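Chemist: below is the sequence, then the predicted model.
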Amino acid sequence: MDTKEQRFKVIFQANSRKIYHLCYGYTGDSDSANDLMQETFMKVWQNLDKFRNQAMISTWIYRIAVNTCLSYLRVEKRQPKDELTDNIIETRGEELSEKNEQVALLYKCISKLEENERIIITLVLDEVPYPEIAEVSGISEGNLRVKIHRIKQKLTEIYNRYERF
Amino acid sequence: MKDFEELKNIWHGQAELPRVSYEEVLSKVKKTRLVFSNKLLLQVVSLSLAIALMVLILFKVDFRLDTSYLAIVIFILCCLFYLYVQVRDYRKISRSETLLEMPEEYISYLKSYKQARYILNTRIYRIYMLFMGIGFALYFIEVFFFVSMVQTLIAVAFTVAWFFVCYYVFMRMYIRKEEARLNEMIGNLERLKKQFEVEEV
């Protein structure tokens, strides 16, 4: 295995999960999330030589992932496949453990947010530092803090509304 | 009632992992590159052959009128232009520096790229057709001297009909479809751009 492949493997292993979460939060379904994650890392591989350490590698990858997500919506505006209905939550509940069900519900609630809110909140949930989120989204840190506060409230409200069903 | 911290705990409890491995990414990169270069290669080769054939005609065939030579030169230029546009756009697509720009700038890039493609497929296509039409018209002057009037008229009618079908049927259909797609895309991009614009909060 050559050095580039080795480097890529390390980067992939360190970041793939978080990028998958970001893509899942953005699209609302796991198949699309896998497609987007694959596309993101293909671009990471193609541009790996251009990475000059001027930024953290994770920030660099997040930027690629965010832009890949944005262009994905351009190609096909995907809506979450299922609407949140009592019926679906009930049926899914039989298939999934309670924990998984809660995760699925959380993703569904994230998909109800605006696109940029989905990106920001998945990064917050993954505990990405605020300066890094500001760098990735192109929003100033001050504005970002206010935005995050609003999105947290919005997401909690949506979640609690659906959980009551 | 759950607060945000509890949602965070749920988030961190998720067990589902991505189904894509790094080996799969690498094999997809190689496969895509191959498909991409094969497609480009096929277009470049076929267009180069057409250009070579026309250059051969230009130098080997003894036309009676200069208008025929001019027609061939116009055809060659049309092919060269098409080849240039295809190669330029493929390079533009594969160029990925824009990927590293801020979302707001990236969205602007997507918008301008889409608009440029639309202009190419509509306005520039019209100019392309116009030149091809002029090329055929010039060539038919020579044809008129070699074959009967009826045969010339049949050839002219057939060519004009084909141009009309291309322009008024296929092109109109394409433009209508493309316009609807473009408007939807631009709408989506505008909405996304607003979300990422720096706002005073």
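Modeler: Good, I have the coordinates.
Chemist: please count neighbours and contacts with C-alpha atoms only from this point.
Modeler: Fine.
Chemist: now do the contacts for B:Q14.
Modeler: Shown in contact with B:Q14 (CA atoms under 8 Å, 6 or more residues apart in numbering or on different chains): A:K99, A:N100, A:V103.
Chemist: for it, which three-state class applies?
Modeler: coil (DSSP: H, G, I helix; E, B strand; the rest coil).
Chemist: check which element follows the host helix or strand of B:V143 along the chain.
Modeler: Per DSSP states H and E: B:V143 is located in helix B:125-146. Toward the C-terminus, helix B:125-146 is succeeded by helix B:149-164 as the next helix or strand (DSSP H and E).
Chemist: on that earlier part again, which of the contacts of B:Q14 tops the neighbour count?
Modeler: A:V103 (21 neighbours; other CA atoms under 10 Å in any protein chain shown).
Chemist: quick check: that residue vs B:F163, distance?
Modeler: 58 Å (CA to CA, to the nearest Å).
Chemist: do the same with A:C69
Modeler: A:C69 is 41 Å from B:F163, by CA to CA.
Chemist: which of the two has more neighbours?
Modeler: Neighbour count, other CA under 10 Å: between A:C69 and B:F163, A:C69 has more, with 24 against 16.
Chemist: the most centrally placed residue in chain A and chain B: what is the separation?
Modeler: The structure's chain A has its C-alpha centroid closest to A:L22; by CA atoms, centre = their mean the separation is 1.2 Å. Remark: distance between A:L22 and chain B (CA to the nearest CA, to the nearest Å) = 11 Å.
Chemist: residues touching A:D35, list them.
Modeler: So A:D35 contacts nothing (CA under 8 Å, 6+ apart).
Chemist: check the gap between it and A:T68 for me.
Modeler: From A:D35 to A:T68 the distance is 11 Å (CA to CA).
Chemist: quick one: least confident helix or strand in chain A?
Modeler: None of the helices or strands of chain A scores lower by mean pLDDT, DSSP states H and E than helix A:86-95, at a mean of 49.
Chemist: any idea which helix or strand comes after that one?
Modeler: helix A:98-110.
Chemist: ok, residues contacting the helix or strand just after that next one?
Modeler: Using DSSP H and E, the next helix or strand after helix A:98-110 towards the C-terminus is helix A:115-125. Here helix A:115-125 makes contact (CA under 8 Å, 6+ apart) with A:21-22, A:25-26, A:66, A:110-111, A:130, A:133, A:137, A:148, A:151-152, B:8, B:11, B:192, B:195-196.
Chemist: which of those residues fall within strands?
Modeler: When DSSP state E is applied, the contacts of helix A:115-125 are split such that none fall in strands.
Chemist: inside helices: which ones of those?
Modeler: A:21-22, A:25-26, A:66, A:110, A:130, A:133, A:137, A:148, A:151-152, B:8, B:11, B:192, B:195-196 (DSSP state H).
Chemist: tell me the SS of A:R52?
Modeler: coil.
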